[in-house]
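Undergrad: here's my sequence, what's the structure:
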Amino acid sequence: MGRKRVNVVKLKGEEREELNQYLRKGKSSARSQTRARILLLSYEGREDDEIVDTLKVSKSTVSRIRKRYCESGLDFALSEKPRSGAPKRIDSRVEAKLTLLACSDPPEGRSRWTMKLLADRLVELGAVDSISHMSVQRLLKKMKLSLG
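TA: Now for the predicted structure:
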């Protein structure tokens, strides 16, 4: 006989229906769908080992999702926690400077801005410590700007 579960999933009728619709729509990430399946299987009384084998997840994942549901509710259990990582170096301030530069007259002796010129000018202005011409190109594309 297994250990008694600490975090027992007791889904309300509307939560169970919400999870079933969530899975039927299939518009969410695979990870959140797996979380929904963990909650449904836990609610059905399945043992952790059975859930692990069925969904190919670790035991710690099953217990963590159950715990998140019991402590904070359905939305929290299905959502991703913010991940750590390097902060964005290019923010809206840099995008605004790039837009101003791209829309301004090119440097003297040049007929138009190039990606390299824009990258160099952004560094000169102190908008960023460094930026590649490819990053400038991606930013311009994202902002739907062209140099032509």
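
Undergrad: burial count for residue 118?
TA: Here the number of neighbours of residue 118 (other CB atoms under 10 Å) works out to 22. For glycine as for every other residue, the C-beta is placed from the backbone atoms N, C-alpha and C.

Undergrad: please identify which helix or strand holds it.
TA: Following DSSP states H and E, one finds residue 118 within helix 115-124.

Undergrad: list the buried residues in that helix.
TA: Using 16 or more other CB atoms under 10 Å as the test for burial, helix 115-124 gives 115, 117-119, 121-122.

Undergrad: what sits up against the helix or strand following it?
TA: Where DSSP H and E defines the elements, the next helix or strand beyond helix 115-124 is helix 133-142. With CB atoms under 8 Å, 6 or more residues apart in numbering as the test, helix 133-142 has contacts from 90, 94-95, 98, 102, 114-116, 118-119, 122, 146-147.

Undergrad: would you mind getting the angle between helix 133-142 and helix 115-124?
TA: Between the axes of helix 133-142 and helix 115-124, defined by axes from the mean of the first three to the mean of the last three CA atoms, to 10 degrees, the angle is 100 degrees.

Undergrad: and helix 133-142, average pLDDT?
TA: For helix 133-142, mean pLDDT rounds to 95.

Undergrad: convert it to PDB, retaining C-alpha atoms only.
TA: Coordinates of each C-alpha in helix 133-142 appear next as PDB, following Å, rounded to 0.1, in the frame of the first residue of the first chain:
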ATOM      1  CA  HIS A 133      23.700  44.400 -37.800                       C
ATOM      2  CA  MET A 134      21.500  41.300 -37.900                       C
ATOM      3  CA  SER A 135      19.800  42.300 -34.600                       C
ATOM      4  CA  VAL A 136      19.100  45.700 -36.200                       C
ATOM      5  CA  GLN A 137      17.600  43.900 -39.200                       C
ATOM      6  CA  ARG A 138      15.400  41.700 -37.000                       C
ATOM      7  CA  LEU A 139      14.200  44.800 -35.000                       C
ATOM      8  CA  LEU A 140      13.400  46.700 -38.200                       C
ATOM      9  CA  LYS A 141      11.500  43.700 -39.500                       C
ATOM     10  CA  LYS A 142       9.600  43.300 -36.200                       C
END
